[in-house]
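Chemist: The sequence and its predicted three-dimensional model are supplied below.
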2 protein chains.
Amino acid sequence: MAKFFSFFYGAIMLGEIIAIGDELTSGRVLNTTSYFAASHLFAAGHEILAMTTIGDEPELIGRTLQRALQRADFVIVTGGLGPTTDDLTNAAVSSALARPATFYPEIFKKIQTYGKNLPAGQQLSLEKLAWLPAGAHALHTEAKMSGYFLVQDGKPIFFLPGVPQEMKDLLLETVLTRLAVWEGEEVRQVRQRVYRVVGLPESEINRKLAHLEGRDPRVRIGYYPVFPEVHVSLTVTGGTSREAEAAMQKYAAQVAAALGDYCYGFGGDTLEDVVGALLIERGQTVAVAESCTGGLIGHTLTKTAGSSAYFFGGVVAYSDALKERLLGVNREIILRAGAVSAETARAMAEGMRRVTPVDHALAVTGIAGPAGGTEEKPVGTVYFGLASPDKTLTFLCHFSGDRGQVQARACQTALDLLRRHLLGLENGGRTV
Amino acid sequence: MAKFFSFFYGAIMLGEIIAIGDELTSGRVLNTTSYFAASHLFAAGHEILAMTTIGDEPELIGRTLQRALQRADFVIVTGGLGPTTDDLTNAAVSSALARPATFYPEIFKKIQTYGKNLPAGQQLSLEKLAWLPAGAHALHTEAKMSGYFLVQDGKPIFFLPGVPQEMKDLLLETVLTRLAVWEGEEVRQVRQRVYRVVGLPESEINRKLAHLEGRDPRVRIGYYPVFPEVHVSLTVTGGTSREAEAAMQKYAAQVAAALGDYCYGFGGDTLEDVVGALLIERGQTVAVAESCTGGLIGHTLTKTAGSSAYFFGGVVAYSDALKERLLGVNREIILRAGAVSAETARAMAEGMRRVTPVDHALAVTGIAGPAGGTEEKPVGTVYFGLASPDKTLTFLCHFSGDRGQVQARACQTALDLLRRHLLGLENGGRTV
């Protein structure tokens, strides 16, 4: 829960990101560099108007760059700077901005130092890296990576390599700092907080927060379904640091009140991390007995590094035989109430606690579909058991969606039931 | 293995992809949907001119769409179709294309069917989903997902949800086929086959197929890493149906020969489906004993509908206590060889077969990291056990990547070891 607040300071500039490479437009390579740039620029208080991905086509590169210069305060271009023949960014920039290709001997000298161990043919191709559009300034002081910036129409353009690690290093080391000291016209302050919500559909969250929208042009609420969760962002923009701070204080409290205990965390928190932290705080442990989820709850708990401190393991009792054999579920219960029933969920959870000395045992049994549903228990019917030292609770949920979605919702609900139990909260509207 | 061939017929078109969402331009969410669309459109023989990502800003949405219509043959727009107030795509489209928002009662009727169990407030917000720009046609015949297409200036525009799974389903199920039958100017025949490969890195696959590239301009081989697998596409374009067919016959055999038994399936096959089909064919069953994967293998097997026919369940023996208690692993073995060892993997697999009468038991024990590694057994060291009626095999792998990647690779490897065992193949280069 360390990421409660994110603070941003500095001039707010409107930027555009252009990624260049045939490997991107053909879908061979996922573009992670634009995402990386956007997240860090946003965190630094800037706004991104558009992120454009195009192939290695000089004319299109030129047109895209010119349009970006018309509407943005700064531009970041990645890719196409390398030594091979299909790297065409520099030629396109020279032509589009009327900045003739110029040989930079001091850059070439530095490049040669690093390239001296390369075979002769490759050394030759390094020369291409020292030909840049007129007015370019190398970004890396030792020229260990390609990348430069130039100022056009009073706006900075940064050209970065397409290689993700080099691009990221240069962005963090030079671009953000250069932008931070850039003399922008308008200096605003931005604050943002992200709320992670479990157990409410997006439309219901929207309903709870609708009264806060549109009251203040500086305040924006965003809804991001990240199945099976929904994340809510509160963004406050203010003229001064004090104004932004005051507006954030005011609205953050109202958003928190509206979301209540459906908000399990903030920023990059995950539900399994939050449950793990609660168990560690209490010095308690958990095991799982899973039927329809097939191991998903156990796996999700082990996504958290260090989960062995509180997660003992469990049983995937997909067959009735294993429910009996490993969890000691009485066959009478299964025959009488059915494998998918509150009684079986209770017996599975209590059986799991008999097998291993944990504080809490979570059990799930349900019908993930597509087959197996009945009129009385349709696909999506899932029973939960939560056995703790003092008592065993059972819950019933009806989930919509396909097989995978029912499994994912069941897993999330199981973890949320444990979270609520550890916090002493009501069960969040699930039928007991 | 029903999806052995995928056939695409039709014109090669120039497309543009527009992704909409503040969560993308603020770098909160990585845009994987444009990448997914580009890779499948490219594999289907189309070309992507530009991929643009913009925020939920109606004016910018309209301008971006208009520019795309000027220069591309078709446009795909993702995001901003949801029921909440920050979903603005439909309003922007109505305004930019002068197509007034129109209520579609037949869509609303279908949506209501799915929403009938929702509280009144949420049902109301569903109505927004039935208001679309005039001339829109819903893409999903049952209106289970938002998404529609319309034709502007003779060019198809597809509007898809931003939720990755829904977007992907609609793209594969409806967009590709609609584009394939679109009456473009240039009509060529296209055939495509997708090979799903397990146990080889992309560079190694590339090496095996390099001799087939560039020999025929009608033939294109694409490599798509879909972690932890790699998919290979073979696309053949011919002037006539017979030409395309003949070239496909010729190249498909050569690609198959080069990939050998590393190719586990085609088209939409998944490794767990293939393993399940092999077990059903043989009338055999499986159970799992998982340590470092925490339940992932069991869960992956249960992703296949009907898996209860061959998957009995298993034990998540995350703690040594559960390895002893539920699987009967001798404490001496753990003390002598370590919990992460071939001996423990063997004892876990054999213990699982004692617990429940399955034909095969898969066991996994390893170090997923980030902590727990030693010089002798670094992070990524994973032992596998595979106990069958006649013998027990053990394997050792060293995986790279973070905790989640090691878990995913271990799960995939376990399933592949079982696949190879069922097919009587060698173990694919894994150390025994």
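Modeler: Arrived safely.

Chemist: Relative to chain B, how far out is the closest residue to A:Glu47 other than its chain neighbours?
Modeler: Distances taken as C-beta to C-beta, 6 or more residues apart in numbering or on different chains place A:Leu14 nearest to A:Glu47, at 5.3 Å, with adjacent residues excluded. Just so you know, the C-beta spots here come from the backbone N, C-alpha and C atoms, and that holds for glycine as well. Distance, A:Leu14 to chain B, by C-beta to the nearest C-beta, to the nearest Å: 11 Å.

Chemist: residues in contact with A:Leu14?
Modeler: A:46-49, A:71-74 (C-beta atoms under 8 Å, 6 or more residues apart in numbering or on different chains).

Chemist: and if we set it to 10 Å?
Modeler: Applying C-beta atoms under 10 Å, 6 or more residues apart in numbering or on different chains, we find A:Leu14 in contact with A:46-50, A:71-74, A:184, A:186.

Chemist: per-residue confidence for it?
Modeler: pLDDT, A:Leu14: 91.

Chemist: in the helix or strand harbouring A:Arg420, what's buried?
Modeler: Assigned by DSSP states H and E, A:Arg420 belongs to helix A:403-423. Neighbour counts over helix A:403-423 (16 or more other C-beta atoms under 10 Å in any protein chain shown) mark A:403-422 as buried.

Chemist: when you check chain B, which of these turn up near it?
Modeler: Filtering those for proximity to chain B by C-beta under 10 Å from any C-beta of the partner chain leaves A:403-405, A:407, A:411.

Chemist: so where's chain A shaky on pLDDT?
Modeler: Applying pLDDT under 70 to chain A flags residues A:1-12, A:114-125, A:181, A:183-190, A:239.

Chemist: which residue lies farthest from the center of it?
Modeler: Most distant residue from the mean C-alpha position of chain A: A:Glu332, 46.2 Å away (C-alpha atoms, centre = their mean).

Chemist: got the CA positions of the host helix or strand of that one in CSV?
Modeler: In the assignment (DSSP H and E), A:Glu332 maps to helix A:331-337. Extracted C-alpha coordinates of helix A:331-337, given in CSV (Å, rounded to 0.1, in the frame of the first residue of the first chain):
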residue,chain,number,x,y,z
ARG,A,331,-19.6,-39.1,0.3
GLU,A,332,-23.0,-38.8,1.9
ILE,A,333,-22.8,-35.0,1.6
ILE,A,334,-21.9,-35.1,-2.1
LEU,A,335,-24.7,-37.6,-2.8
ARG,A,336,-27.3,-35.7,-0.8
ALA,A,337,-26.4,-32.0,-1.6
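
Chemist: And the helix or strand hosting A:Tyr224, what's buried?
Modeler: In this assignment (DSSP H and E), A:Tyr224 forms part of strand A:219-226. Neighbour-count burial for strand A:219-226, with 16+ other C-beta under 10 Å as criterion, is recorded at A:219-225.

Chemist: Kindly report the same for stretch A:423-432.
Modeler: Within stretch A:423-432, the residues scored as buried using 16+ other C-beta under 10 Å are A:427-428, A:430.

Chemist: same deal with stretch A:93-112?
Modeler: Neighbour-count burial for stretch A:93-112 flags A:93-97, A:99, A:104, A:107-108, A:110-111 (criterion: 16+ other C-beta under 10 Å).

Chemist: Check the offset of that stretch from the chain's centre.
Modeler: 38 Å (C-alpha atoms, centre = their mean, to the nearest Å).

Chemist: repeat for stretch A:413-430
Modeler: A distance of 24 Å separates the centroid of the chain from that of stretch A:413-430, by C-alpha atoms, centre = their mean.

Chemist: One more: stretch A:358-367?
Modeler: Here stretch A:358-367 is found 28 Å from its chain centre; the criterion is C-alpha atoms, centre = their mean.

Chemist: Contacts (any at all) between chain B and that stretch?
Modeler: Yes: Stretch A:358-367 lies within reach of chain B by C-beta under 10 Å from any C-beta, at A:Val358.
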